[in-house]
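Asks: Using only what follows, build the 3D model:
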Amino acid sequence: MAATRQTQALDYDAIVIGAGMSGMYQLYRLRELGMKVRVFEAGTGVGGTWYWNRYPGARFDSESYTYGYSFSKELLEEWDWSEHFAGQPETLRYLNLVADKFDLRRDIQFRSRVASAIYAEDTCSWSVTLADSSQFNARFLVTAIGPLSTPTMPRIEGVDRFGGQSFHTARWPHEPVDYAGKRVAVIGTGATGVQTIQTIAKTVGHLTVFQRTPNWCAPLHNSKIDAEAQKKIKANYPDMFRRCQETFACFIHTPDTRGTFEVSSEEREAFFEKLYAEPGFGIWQGNFRDILIDRKANAVISDFVARKIRQRVKNQKVAEKLIPGNHGFGTRRLPLETFYYEVYNQDNVELVDITETPIERITPRGIKTSDREYQFDIIIYATGFDAITGSFDRIDFRGVDGVRLKDKWENGPQTYLGVMVDGFPNMMMLMGPHTALGNIPRSIEYNVDWVTGLIRFARESSLTRVEATATGVTAWTDHVKALGVGLLSNEVNSWMTGYNTNVEGKQTRIVARYSGSAPAYRARCDEVAAKQYDELALA
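Replies: You can find the predicted model right below:
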């Protein structure tokens, strides 16, 4: 059997699914090992998130310079970010530059959606079938399909009957969309909805926002980067990336060491004001250490942000509709905004609370609620993603004995370090369930480097099969669940808890993400590598 495995001719040494930031960097690293690699990408270009999400207003909410790749000093010197929080067009230009600079496209096959990936025990390899029925095999399979890459449409009757233009924010057309003078509807007020609404409100004829669940939002405070600031950023890259390695979630922000009630009310209010006036995620990631675990502490910051919303929105009935009542501040993913709340002061903007007047159906002319029918020229669906496991569910992954990954994860994901699954040998996941998320590219680089180290070890040791054990998967999954105990966010329905009303079977909260610190995650993974992966089943 070993001889067959060693001598079996395979198309590639490794196949990577997805040409976003993870897949591009993984390709770069595997090439360094002298491997023959193929990346399959459904889109027509590189960029992943930044290729698909072309909706108006799409931009970073991590500081641009903390978000780019850190692996190439030459790239860091060559590229200038124009804003502290760059928009999608600039980010896509950056990723295209990376692809060109490192000649990545020659190993990427575009317009190639993966339909299935099936493990072959006799050859210890993966057979990958594309949507066009073409097949390829490789020893190693690496998924770079992202935690937020599978858009979901709302389960509303008549979606296909609308006679005007309609788009999901994550499947935005490549050509410009003209809103001037148009009657536009936006369904959804999550992060993409917020960015879209605040951007198109400047030019639409009339905008109607259909909101089910309001989200807590905080100001982005974006600005241009001048020449002097650019110099400082570039000189400070080593220290900044070092700080990102040290902080809880790889941002330049990290929780304050003080508790909410360890300071006076005056000092607490001043601290909140300072954070609210600063750019970025500081008010979420750099706040008092207990705001996401202590109900009383969370109530205090929630009250502060609610007061800000009431100050910014003139109509107090509308303001109250924009203040969440079913979750506390920061317990769902926090959208950062630029004059979002002020949009609702415009005469041509209307907010519809669909918990009061539910949407009954989409009609050829617009949207029918229980209250009335609205006519629109454009409907925008900002209805989010089938998060974390959704991108895996869309591909038919089958491991040993034909076991389907979707069946194995029926009651929630089970992983080893968020990278591997027992019964699925030679398959590694980048940014899969149970990995440290946070400032994603910082986590991506670590994740890719760890996977590359494992593959290097396997090749140098003449191994044809590397697999997580059931014991290892159980231990890691239990550890991840234990870390989630006491977190207020795990008591809330959101993509971070695997909840989605638009996806069948995902109406029960699960622990879908690693919620410990990124340094602790890396320390555990480093420990496994230092012991030459002896926790894995190797053959």
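Asks: max-length helix in this protein?
Replies: Taking DSSP state H as the criterion, the chain has its longest helix at helix 440-460.
Asks: What residues sit buried inside it?
Replies: By neighbour count on 16 or more other C-beta atoms under 10 Å, the buried set for helix 440-460 is 440-455, 457-459. Yep, even glycine has a C-beta here, placed from its N, CA and C like the rest.
Asks: gap between that helix and the chain center?
Replies: 19 Å (C-alpha atoms, centre = their mean, to the nearest Å).
Asks: In this structure, spot the strand with the most residues.
Replies: Longest strand in the chain by number of residues (criterion: DSSP state E): strand 135-143.
Asks: Now do that one: everything it contacts.
Replies: 10-18, 23, 26, 30, 38, 117, 120, 123-130, 392, 426-430, 432, 451, 455, 458, 464 (C-beta atoms under 8 Å, 6 or more residues apart in numbering).
Asks: Correct me if wrong: residue 64 contacts residue 83.
Replies: Yes: between residue 64 and residue 83 a contact is recorded at 6.4 Å, counting by C-beta atoms under 8 Å.
Asks: Settle it for me: which of those two has more neighbours?
Replies: Neighbour totals were compared for residue 64 and residue 83, and residue 64 leads with 23 against 15 (other C-beta atoms under 10 Å).
Asks: joint contacts of residue 64 and residue 83?
Replies: residue 225.
Asks: and the most centrally placed residue in the chain, how far is that from residue 86?
Replies: Closest residue to the average C-alpha location of the chain: residue 148 at 4.2 Å, with C-alpha atoms, centre = their mean. Using C-beta to C-beta, to the nearest Å, residue 148 is found at 18 Å from residue 86.
Asks: tell me which residues in stretch 334-352 are buried?
Replies: For stretch 334-352, by 16+ other C-beta under 10 Å, it's 334, 335, 336, 337, 338, 340, 341, 343, 344, 349, 351, 352.
Asks: any weak-confidence spans in the stretch 201-350 of the chain?
Replies: Low-confidence segments of the stretch 201-350 of the chain (pLDDT under 70): none present.
Asks: Run through the helices of it in chain order.
Replies: All helices of the stretch 201-350 of the chain, identified by DSSP state H, counting those that start in this stretch, fall at 227-235, 237-246, 265-277, 282-285, 295-312, 316-321, 340-343.
Asks: of all these, which gets the most neighbours per residue?
Replies: helix 282-285 (a mean of 23; mean count of other C-beta atoms under 10 Å).
Asks: hey, C-alpha coordinates of that one in CSV?
Replies: This file holds the C-alpha atoms of helix 282-285, laid out as CSV (Å, rounded to 0.1, in the frame of the first residue of the first chain):
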residue,chain,number,x,y,z
GLY,A,282,-11.0,50.9,20.3
ILE,A,283,-14.5,51.3,21.8
TRP,A,284,-15.1,47.5,21.2
GLN,A,285,-11.6,46.0,21.5
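Asks: of the contacts of strand 135-143, buried ones?
Replies: Using 16+ other C-beta under 10 Å, the buried ones in the contacts of strand 135-143 are 10, 12-18, 23, 26, 30, 38, 117, 123-130, 392, 426-430, 432, 451, 455, 458, 464.
Asks: Who are the contact partners of residue 151?
Replies: Shown in contact with residue 151 (C-beta under 8 Å, 6+ apart): 168, 169, 170, 171, 383, 384, 385, 386.
Asks: Dihedrals phi and psi, the closest residue to it other than its chain neighbours?
Replies: Spatial nearest neighbour of residue 151, chain neighbours left out: residue 170 (3.9 Å); criterion: C-beta to C-beta, 6 or more residues apart in numbering. Note on residue 170: its backbone torsions stand at phi -90, psi 0 [degrees, to the nearest 10].
Asks: Thought residue 192 was touching residue 170, still the case?
Replies: Yes: the criterion here is C-beta under 8 Å, and residue 170 meets it with residue 192 at 7.4 Å.
Asks: I'd like the helices of the stretch 201-350 of the chain laid out as JSON lines, including distance to residue 410.
Replies: Converted to JSON lines, the helices of the stretch 201-350 of the chain look like this (distance: least, C-beta to C-beta, whole Å):
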{"stretch": "helix 227-235", "distance to residue 410": "46"}
{"stretch": "helix 237-246", "distance to residue 410": "36"}
{"stretch": "helix 265-277", "distance to residue 410": "41"}
{"stretch": "helix 282-285", "distance to residue 410": "32"}
{"stretch": "helix 295-312", "distance to residue 410": "32"}
{"stretch": "helix 316-321", "distance to residue 410": "37"}
{"stretch": "helix 340-343", "distance to residue 410": "38"}
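Asks: So which of those helices is nearest residue 211?
Replies: helix 316-321 (7.1 Å; C-beta to C-beta).
Asks: just checking, what packs against that closest one?
Replies: For helix 316-321, the packing partners by 3 or more C-beta pairs under 8 Å, 6 or more residues apart in numbering; DSSP states H and E come out as helix 295-312, strand 349-353.
Asks: coming back round to it: cross the contacts of strand 135-143 against strands and list the overlap.
Replies: Going by DSSP E, the strands hold 12-17, 38, 117, 120, 125-130, 427-429 from these.
Asks: List the contacts of the residue nearest to residue 212 when sequence neighbours are not counted.
Replies: Closest residue to residue 212 apart from its sequence neighbours, by C-beta to C-beta, 6+ apart: residue 354 at 5.2 Å. Contacts for residue 354 were tallied using C-beta under 8 Å, 6+ apart; they are 210, 211, 212, 369.
Asks: Pick the one among those residues closest to residue 231.
Replies: Using C-beta to C-beta, the contacts of residue 354 come closest to residue 231 at residue 211, 43.3 Å.
Asks: so what's that closest one bridging to?
Replies: Beta-bridge partners recorded for residue 211 (DSSP bridges): residue 353.
Asks: List the contacts of it.
Replies: 188, 189, 321, 322, 351, 352, 353, 354.
Asks: Compute the number of surrounding residues for the second one.
Replies: Looking back up the chat, that one is residue 189. 23.
Asks: Which of the three states applies to it?
Replies: coil (DSSP: H, G, I helix; E, B strand; the rest coil).
Asks: so it sits right up against residue 196, yeah?
Replies: No: using C-beta under 8 Å, residue 189 makes no contact with residue 196, being 9.7 Å away.
Asks: can you give me the end-to-end distance of stretch 141-150?
Replies: End-to-end span of stretch 141-150 (C-alpha to C-alpha, to the nearest Å): 20 Å.
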